[in-house]
Structure formats: structure tokens, C-alpha cells
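[1] Here you go, sequence then predicted model.
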Amino acid sequence: MLMTKNSSWIACLVGLICSSSAACSSPPTGTRRGAATPTQPSQTQPDAQAPTHLPTQTQTQTQTLPTSSAPCATACKESSVGAGGTGFDLQVNPSDAVGLDADGALVLRQDSSTTASFIWISNTAGTPPTVSKIDTHTQKEVARYVVGAPDPSRTSVSMNGDAYVASRAGMGVTKISGLGPLCPDKNGDGIVTTSNGPTNVLPWGMDECVLWFKNFDQEIRGVAAQDIPGQLKVEPQPDGPPNVTTIPEKHYVWVGASTTAASGIPFLAPFLPAPAGGGSTTPTAYKLDGDTGAVLFSTPMPRGAYGFALDGRGMLWLTGGAYWDGNLAFIDTNKCLDAASCSAAPCSVACSTTVCPTTCDGAVKGDILLQPSDTYGITVDCQQRVWLGSSIKRYDPLAPANQRLMVAPASATASTQSVGGIAVDANGWVWGAAGDVVRIDAATMTQVSVITTPDHGAHGVAVDADGKVWAISPSSTTVHVITPGAQVTDNTVAVDAVQGLDNPYTYSDMTGVQLHLATGSGPGTYRQTFEGCATGDTKWVDFRWTAETPGQTWIVFQVRSADSVDALKQAAWLPLAGSPSPLSTTSIDNVLKAGSQAKHKYVEIKVELYGETGSSNRCGGVKSVSPRVKSLSVRHQCADAVPG
């Protein structure tokens, strides 16, 4: 998905006259520097972590073709990966949410996303209030940010790795970019001023990764990022640049504001405008523009919100939790588009394990009165089932009537009846924080084990991109990390894996893995770098591919070029080709010339695989309907072989 600011550049690519257009004279350069200019959520974060080395020639197969191979006037050299060349290497080359099938083709995988490689844990009692950003691979705290109001608690991580931090009694939401050293250079001094660890905490307003803060007039206990994937479709042409169709992606965040006796702690940032809400005490959901923090509209919630979770169908689920009589409620974000469309009173239905009608299916808002009614934490799994804490419950909105609610038996272990935070992994295990950590199988809810933590104080739990489980204890300054094995009792605990936190009271989707598993937003991506001529200019001639796009799937290929691997990271992506298409080869030369990127030593090809939308089952593994990329190849000529 292209940046909105690239719209004039896209117009050039689709054939508008450029010779007299100022918009075409200076194509945009540089990667996305922050969430204020949305582009490709699963692409910019890997850029920041891209390997500094060039994939070696053992990763691409090069051969010299006869001079008769059009459009080469003289000998062309071809480099290929996939079938007919060296296979796709997911370990060396940047990739996200893709895997290899039995034939070695690139396919979509739901369980292999690398965008959620950080966990965001609130330091709830800190002065000033802060949130810690921790690398889940190294288990090191890489940054600590001051947030805009005291009492931070819930965090929600978007598909592009940005974090929304909700301050409960502080009554506000802070957005922080996940790009670290690639955050926006707000003051234009050429340096990104930002934290690089727990001992380097910048004062409020000084850290350029802190993007915005929005204050409200009620306590904030519900926050959920919502990313609407954009669409980029590229139709290659036999001659000239491709035809490009683009629909920009959109970023929103839903905020649940409700009044409790604890509300009213002063803001850290009192200079901000008057809070949203106008003094209302009605439990209210706000839809914010994720890029700017502007309130788009608000609507009354069916009940006060203790937590939010979004599913893959666009249903925003909320739990009443400890303050608002438990139970479960929803807002259909596909139908709730503004205040008017959300104005109808919520549908209400009672639901037990034996009697649970479908009365509220199709409603804009619903209030589901559970029996038993106790709830606490909330999450949604890859099958769109809602999981609730307190006594562990599973609500399946797609199941037949009277089969929607399931409750973990108290006989399994008492811990299943006292869960705070709750999370579900890609392998069918549910994890609950109940002092120690409960592991229970999602299918039958009968296989249960309890993983003991040293302080017996776990209240929050999260799953990271590697499937490890993080146990968060508010009474401690440390975090314990569990590596699960195949069996319910097979678990290894890394005690005090992270230290130095301050009353970390967080039990929401603090990694973004739950959002990814439930919604699967965005494409799977793979990037391959090719090297041209050792000396002199390189003419990149054409690009060839073999691919399959069953059903409503599609593939996009983009290209960028530079004279060094480091410079590639800053070059703008240019739409190159796509599938389905009657063509299987297209000119790179034309695209690079139009984008002022011709004659450079390196090219990088980005593959984006798009699956069918609207699927209710988004569980891990290779998708049942997935596009397949079998091979890629590029051809080039060196300066001494290029005429004139």
C-alpha cells in the first residue's frame, strides 16, 4: 500500500505526461518515518532490522543468456530464486507472514509474522508515568517513554508495531511509534531524538517517537488498534510502466471511556485542549484517527468497558469486568460508521452454556448477559472466538444457537476461576494470569496445567511472535517468560527475564500478536536483493516471475534500486508488476527510469502476497487458499555491454 503523499508519483507511473509536471520531477524518497504518514505496516519495521549484508551469490543463480534474448541488445545476465534457481531463504532475506510449501513456493502463513517483535509494558506507578518497549527476541528493554497522563495500564499494538497506551485514572491515550531510530525527525535537525533504554528517559515532549496524546473526561480501560488494509494492485504492461490501482490503508484506534470512583487524576499534559466527552458519565466508545489522534465520532457503549478486543470480522468486543457487572458486549465497526449509524439501542440477550439464542446477530451493538456473568481480561483467537478472564469462558459468535458459551470446569483447577489477563497462541493454547499462569487447551478446555511463577503475582499475560508467554506481575519489578513445549505440562520458565520495571499493571494485547492472529490484516511479504555489475553502470532490463493466484488472492511486486545496500533502505518502492496477469515478464528499466532510480548497482524486489478477505478461520499454518510465488528472476547488462 502506497503512501498518500505518493499519489502524484503513482499518477506518473500510470502514464500521465511527466515532462511538464513538477510532481514527476522529484519522486518521493525515503521510507516511512512514522505513523503520521501511513504506508505499509508490515514493510517499514523490517526495513529497520534489514541485514546490512547483501545476500551472497549462493542465494541467487546467475547465468549469461545469448545475445538474441530480447530486449537485450548484447549479453544479459540473469539472476533467479525459487524454482530453477536457489530457493527462497526466509532466514536470510526479510520476510513477514510467509512460509514455503512442499514445492518451495512462497505462500501465506498466519503464524510467522515478525512485526510483533516487541512487548509494551506500562510502568503504572512510575513518576513520571512511562511505558517500556522490550525486544522479545533478546528480552532487553530497548526504550522507555514518558506518556501523557498518570496511571498507564492497557496497551494495544497496531499491525505496523505502533503502541497505544491507555492511562486509566489519568484519562488519556498516548501513541508511540514502533520505529525507534527511524521515528519522525520532528524538529528537522537530522537526528531522531528518542530513548534507547530504561536509563535514557526523555522528558515529556522531547521524545520524537511519542506521536500524540489525547485526553478524555472519563477513565480509559479499553483501547484497541484497528488497521484497515489498503489495496495495491499492479497490472504489468508489455511496454512502459504498469497500471496501478491503490486504496490507501487506514489506521484507527477505539477508546473505551467509563466513569469510576478512581477517575480524576490530573493530566501530565494540562496544556492540551479540553478533553473529549464534555463531562459525560455515559460509558462511551470513541473512534480516533490513528495517525492524528483526532476524534472521528463517539457513541454510547452497551456497558462500561474493562477491556477491548477486535476480531477479524470488524467486531469490537468489550468486557464489563470488575466494575461494570462483567458480561460481554460488542459494537459492529462495519455498521457503526458515525454517530447516526450507531444511535440504535443495543440488543440484549441472555446466554448460558445450554441456552444462548442468536437474537443479536446482525445488530450494530449487543449486550450479552452471560451466565455466569463474571469477566475480566479479554482476547479473540484465530477462529474468532472471544475468551474472557475471571472464570475462563469461551464465547463463539459463529457457533449455532445454544452452543456458543463454554466455561472451564472448576474441577480442573481453581486457577481457572480467578484469571486476570488472558491470551491465546497460534497453536491452540489459552494462557491465563492467575497469580501463577494457567495453560489450557482451547478445544476442550479440559487439559490444564499451572506454571508456577516465583512471586505468584502474575496478573497480565501476553504471547509474543515466537510463541513465548510473558507473565506480568504488578507487585514485582520483573517479568517471567515461559517457553511452552508440545504438551500441556511441558513448559520452561525464564525467571526474572526482564528487570527494572515499576508496578507493571498491563494485561491487554501488549505485543500485537492477538490482533494479528484474529485479523490477519496486511499482506505477507518477502524481499530479495540482487547485485548488478561490479564496476560501471548497471542496466536492469526485465523482471520475470511464475505465480498462482487462486480465488480472490493476488500478488504485488515492487522494486527499488540504489548503489549500496544501505542506500536501498532509503529508496522509494516503485510498483513493478502483479498477478493475476496474462504477462509473466515486464520491464524493470522503464520503471526505474520513471522513478529516477536507473543505472544503480543493486535492485531489491519486494513480494506482497494478499489472501482472501472475510475468512472466519485465520489460524496458524499455510492458508488453505493462498497465492503462490514459484520463482523470481531479473536480467541486467553491464555498462561495457550497453550500447550508447
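    Perfect, I can see it now.

[2] Using the three-state scheme, assign the residue nearest the centre of the chain.
    Against the mean C-alpha coordinate of the chain, by CA atoms, centre = their mean, the closest residue is M159 at 1.5 Å. For M159, the assignment made with DSSP: H, G, I helix; E, B strand; the rest coil gives coil.

[3] Does it touch H516 like I think?
    Yes - using CB atoms under 8 Å as the test, M159 is close enough to H516 to be in contact (6.7 Å). C-beta here means a position set from N, CA and C on the backbone, and glycine is covered the same way.

[4] distance of the residue nearest to the centre of the chain from D227?
    4 Å (CB to CB, to the nearest Å).

[5] for L574, same thing?
    Going from L574 to D227 by CB to CB gives 24 Å.

[6] can you check I392 too?
    Distance of I392 to D227, computed by CB to CB: 28 Å.

[7] ok, which stretches of the stretch 501-644 of the chain are strands?
    Counting by DSSP state E, counting those that start in this stretch, the stretch 501-644 of the chain has strands at residues 524-531, 538-548, 554-562, 574-579, 585-587, 602-610, 628-638.

[8] then the first one to CSV, C-alphas only?
    Extracted in CSV, the C-alpha atoms of strand 524-531 (Å, rounded to 0.1, in the frame of the first residue of the first chain):
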residue,chain,number,x,y,z
GLY,A,524,2.7,-11.4,3.7
THR,A,525,6.0,-10.0,2.4
TYR,A,526,9.3,-11.3,1.2
ARG,A,527,12.3,-9.2,-0.1
GLN,A,528,15.2,-10.3,-2.3
THR,A,529,18.2,-8.2,-3.2
PHE,A,530,20.1,-8.7,-6.5
GLU,A,531,23.6,-7.4,-7.3
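
[9] Next one: the closest residue to T553 other than its chain neighbours, what pLDDT does it get?
    What sits nearest to T553 in space, not counting adjacent residues and going by CB to CB, 6 or more residues apart in numbering, is P627, at 4.2 Å. The confidence metric pLDDT takes the value 92 at P627.

[10] Surely P627 touches P550?
    Yes - contact criterion CB under 8 Å: P627 and P550 qualify, at 7.3 Å.

[11] These two - which one has more neighbours?
    Counted by other CB atoms under 10 Å, P627 and P550 do not tie: P627 has more neighbours, with 28 against 12.

[12] Tell me the spacing between D381 and V513.
    D381 is 11 Å from V513, by CB to CB.

[13] These two: which has the busier surroundings?
    Counted by other CB under 10 Å, D381 and V513 do not tie: V513 has more neighbours, with 28 against 24.

[14] Correct me if wrong: the more buried one contacts A462.
    Yes - at 7.3 Å, V513 counts as touching A462 under the criterion of CB under 8 Å.

[15] shared neighbours of those two, which are they?
    Jointly contacting V513 and A462 under the rule CB atoms under 8 Å, 6 or more residues apart in numbering are A423.

[16] ok, now which ones touch the nearest residue to W573 once chain neighbours are set aside?
    Sequence neighbours aside, Q558 is the residue nearest to W573 in space, at 4.3 Å (criterion: CB to CB, 6+ apart). When contacts are counted by CB under 8 Å, 6+ apart, Q558 touches V234, W573, L574, P575, L576, I605, K606, E608.

[17] Tell me what W554 is bridged to.
    Beta-bridge partners recorded for W554 (DSSP bridges): Y610.

[18] From L202, how far off is it?
    43 Å.

[19] between the two, which one's more packed in?
    Neighbours of W554 and L202, each counted by other CB under 10 Å, are more numerous for W554; the result is 22 against 18.

[20] these two touch, right, the more buried one and Y610?
    Yes - with contact defined as CB under 8 Å, W554 reaches Y610; the gap is 5.0 Å.

[21] who touches both of these two?
    P627.

[22] what's the burial count for R109?
    23.

[23] Count the neighbours of the residue nearest to it when sequence neighbours are not counted for me.
    Spatial nearest neighbour of R109, excluding adjacent residues (CB to CB, 6+ apart): G99 at 3.9 Å. Neighbour count for G99, taken as other CB under 10 Å: 21.

[24] Remind me which helix or strand S153 belongs to.
    Here S153, judged by DSSP states H and E, is contained in strand 152-157.

[25] what inclination does whatever helix or strand comes next after that strand have with respect to strand 152-157?
    Toward the C-terminal end, the helix or strand that comes next after strand 152-157 (DSSP H and E) is strand 163-167. Put simply, strand 163-167 runs at 160 degrees to strand 152-157, going by axes from the mean of the first three to the mean of the last three CA atoms, to 10 degrees.

[26] which outside residues touch strand 163-167?
    120, 122, 129, 131, 133, 147-158, 172-176, 178, 220-223, 225, 253, 255, 290.

[27] Now, the residues you listed that are in strands?
    120, 122, 131, 133, 152-157, 172-176, 220-223, 225, 253, 255 (DSSP state E).

[28] was I right about S122 contacting Y505?
    Yes - using CB under 8 Å, S122 makes contact with Y505 at a distance of 6.4 Å.

[29] Pick out whichever of those two has more residues nearby.
    Under the neighbour definition other CB under 10 Å, S122 and Y505 were set side by side, and S122 has more, 33 against 23.

[30] Give me the secondary structure label for the residue lying closest to L202 once chain neighbours are set aside.
    Take L202 and drop its neighbours on the chain: the residue closest to it by CB to CB, 6+ apart is S195, 5.7 Å away. Using three-state DSSP, the structure places S195 in coil.

[31] residues near S195, how many?
    Burial measure for S195: 25 neighbouring residues, criterion other CB under 10 Å.

[32] residues contacting it?
    S195 makes contact with A143, R144, Y145, V201, L202, D207, C209, according to CB under 8 Å, 6+ apart.

[33] Leaving out the residues flanking it, which one is nearest to D425?
    V463 (4.6 Å).

[34] in terms of contact, does the one you found touch I482 like I think?
    No - V463 is beyond contact range of I482, at 9.7 Å (criterion: CB under 8 Å).

[35] Show me what L632 is bridged to.
    Beta-bridge partners for L632, by DSSP bridges, are V81, W545.

[36] That one: how many residues sit nearby?
    Applying the criterion other CB under 10 Å, we find 26 residues in the vicinity of L632.

[37] P203 and L100, how far apart?
    From P203 to L100 the distance is 48 Å (CB to CB).

[38] neighbour count winner among those two?
    Neighbours per residue, other CB under 10 Å: of P203 and L100, the larger number sits with L100, 19 against 8.

[39] which non-adjacent residue is nearest that one?
    Using CB to CB, 6+ apart, the closest residue to L100 is F88 (6.2 Å).

[40] tell me the contacts of that neighbour?
    Contacts of F88 (CB under 8 Å, 6+ apart): V81, G82, L100, G104, L106, Y526, Q528, V629.

[41] overlap in contacts of V463 and I482?
    V469, W470.

[42] Mind checking which of the two has more residues around it?
    For V463 versus I482, neighbours defined as other CB under 10 Å are more numerous around V463 (28 against 22).

[43] Contacts only, for the more buried one.
    A423, V424, D425, A426, W431, V469, W470, T511, V513, Q514.

[44] what's across from it in the sheet?
    Beta bridges link V463 to V469 when assigned by DSSP bridges.

[45] Tell me how far the residue nearest to D425 lies from A322.
    To A322, V463 is 23 Å away according to CB to CB.

[46] do I482 as well
    Per CB to CB, I482 is found 25 Å from A322.

[47] swap in N590?
    As judged by CB to CB, N590 and A322 stand 62 Å apart.

[48] Whichever strand or helix holds H480: partners in the sheet, and parallel or antiparallel?
    Using DSSP H and E, H480 falls within strand 479-484. The strands beside strand 479-484 in its sheet (DSSP bridges) come out as strand 469-472 (antiparallel), strand 491-498 (antiparallel).
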